[in-house]
Structure formats: structure tokens, C-alpha cells
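>>> This is a predicted model, with the sequence first.
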Amino acid sequence: MAEVFDVLRADHGNMQLLLAALEHSPGHAAGASQEVLRARKAAADRLVIDAARHEAAEQEYFWPAVRERLGRGNQLADEASAQEQEVSDALARLGKLESADDEFDQVLADLIPALRRHLAFEEARVWPQMRQALSPFQVRELADQLSQAAERAAAGSQSRGPARPRGRKVPESAEAAADKLNNAVSRRRPKG
């Protein structure tokens with residue numbers, strides 16, 4: 001049975017995979033091909049969806065547990081919520097932009113370090129304390145709650161319709177989106 005930190009680590013790993021692929025791919029201003037630009041947009045769309053699903057689950061279950069179980073839980077949860085709001089605002093802007101827009105690259109340049117700081121904050125400052133505060137049963141129960149909340153968030157976003165332009169297909173997984181982008185970049189021919 002999964003533990004809460006396994007569920008969170010998997011989500012963080014998917015987001016880090018997408019961030020790395022986006023960070024190491026050329027943008028519009030750097031002369032990216034149309035294939036690379038399409039793959040960057042697909043990876044960004046996957047990041048928007050995955051981060052929103054992850055944050056919804058955390059807000060519903062993880063941060064309330066932090067507030068309840070840790071002495072400084074309110075402070076940690078408030079700090080994390082402020083970070084998540086900054087990331088959410090950037091993701092909302094990113095989701096509305098096309099990869100050929102100059103603003104797309106700027107939003108990514110701001111988003112990547114902000115999201116990495118937030119993930120590191122959770123992993124280094126919150127998780128160790130929560131490991132000590134939760135019983136083995138609570139660790140598994142919270143994992144189940146987070147997984148179910150993430151599934152509800154994913155199903156809800158599908159029923160409301162995509163937040164992306166019609167006809168745009170988002171890759172099925174973070175790994176697929178990152179692979180597609182990395183492959184597009186590796187096929188890119190240098191300008192001569």
C-alpha cells in the first residue's frame with residue numbers, strides 16, 4: 001500500500017521531469033522549430049494539469065493535516081499556500097499562451113525556479129516533520145485521500161472541458177510529454 005510521501009514524490013517527480021524538459025528546450029526567440037514549439041506547449045499543458053491536480057489534492061487533505069499535526073503547521077501551510085498561489089498564477093497565464101508567444105518563454109523563466117523552490121520547500125521543510133507526526137496508518141490513509149482527491153480533480157477538469165484551445169491534445173503522462181519534447185529537440189538541426 002502506498003504511503004503519502006510516495007504519492008507526493010511521484011507527483012513532484014513528474015513535475016520536475018516536465019520542468020527539466022521545458023528548461024532545456026529552445027523557445028521561440030531561440031529559433032525553435034514548429035515541432036519543438038508544439039512539444040513545448042504540450043509539455044506546458046501537461047504541467048498545468050498535473051500541478052493543478054496535485055495542488056487541489058494537497059489543499060483538501062495534506063495541508064489540513066500539516067496544520068493539525070505540526071506545532072508550526074499553520075505557518076508552514078500558509079507559506080506553502082503562498083508559494084502555490086504564485087505558481088498557480090503563473091501556470092494559469094502559461095496555459096493561455098501559445099509557445100510562439102514571447103511571453104510564454106518569460107512566464108516559463110519565472111515559473112521554473114518558483115515551482116522548484118516550492119517542491120524543495122515541501123520536501124525539505126514539511127515532509128520530514130510530517131514523517132515524525134504521522135502513524136503508519138495515517139501515512140497510508142493520507143495517501144489514499146490524496147490519490148482520490150487527485151482523481152476527482154482530474155475528472156472534474158475533464159467534465160468542465162479543457163482549459164486549452166480546442167483540438168489540442170495533451171499527452172497522457174508527464175513522461176510522454178517530456179519524451180516528446182526531448183525527442184523534438186534532439187531532431188532539431190542546428191542553423192547553418
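On my side now, so go ahead.
>>> need the contact list for the residue nearest to A77 when sequence neighbours are not counted.
Nearest non-adjacent residue to A77, counting by C-beta to C-beta, 6 or more residues apart in numbering: W63, 4.3 Å away. (C-beta placed from N, C-alpha, C; glycine too.) Shown in contact with W63 (C-beta atoms under 8 Å, 6 or more residues apart in numbering): A77, A80, S81.
>>> Buried members of those residues into PyMOL, please.
Selection of buried members from those for PyMOL, criterion 16 or more other C-beta atoms under 10 Å:
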select buried, resi 77+80
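>>> Ramachandran angles for the residue nearest the centre of the chain?
By C-alpha atoms, centre = their mean, the chain has its centre lying nearest to A51, at 3.1 Å. Recorded main-chain torsions at A51 are phi -70, psi -40, according to degrees, to the nearest 10.
>>> what residues are up against it?
Shown in contact with A51 (C-beta under 8 Å, 6+ apart): M15, V87, S88, L91, L115.
>>> and if we set it to 10 Å?
11, 14-15, 18, 84, 87-88, 90-91, 94, 111, 115, 118 (C-beta atoms under 10 Å, 6 or more residues apart in numbering).
>>> Give me the pLDDT value at it.
The score at A51 is 93. That number is its pLDDT.
>>> Quick check: it vs V185, distance?
22 Å (C-beta to C-beta, to the nearest Å).
>>> In terms of distance to P136, which of the contacts of A51 ranks first?
Minimum distance to P136 across the contacts of A51 is 21.2 Å, recorded for D11 (C-beta to C-beta).
>>> sec struct for that closest one, please.
helix (DSSP: H, G, I helix; E, B strand; the rest coil).
>>> for it, what are its contacts?
D11 is in contact with D50, A51, R53, H54, E55, A57, E58, L119, L146, A150, A174, counting by C-beta under 10 Å, 6+ apart.
>>> can you pull the pLDDT of G161?
On pLDDT, G161 comes in at 40.
>>> which residues of the protein score low on pLDDT?
Scanning the chain for pLDDT under 70 picks out the ranges 1, 156-171, 188-192.
>>> where do the helices sit along it?
Using DSSP state H, the helices of the chain run over residues 4-23, 34-57, 63-69, 73-96, 102-121, 127-133, 136-160, 174-187.
>>> which strands and helices sit next to the fifth one?
When you say that, I think you mean helix 102-121. helix 4-23, helix 34-57, helix 73-96 (3 or more C-beta pairs under 10 Å, 6 or more residues apart in numbering; DSSP states H and E).
>>> repeat that for 7 Å
helix 4-23, helix 73-96 (3 or more C-beta pairs under 7 Å, 6 or more residues apart in numbering; DSSP states H and E).
>>> now for those, which one comes closest to A154?
helix 4-23 (11.9 Å).
>>> Buried residues of the closest one, list them for me.
The neighbour-count check on helix 4-23 (16+ other C-beta under 10 Å) flags 4-5, 7-8, 11-12, 14-15, 17-19, 21-22 as buried.
>>> Many thanks, we can stop here.
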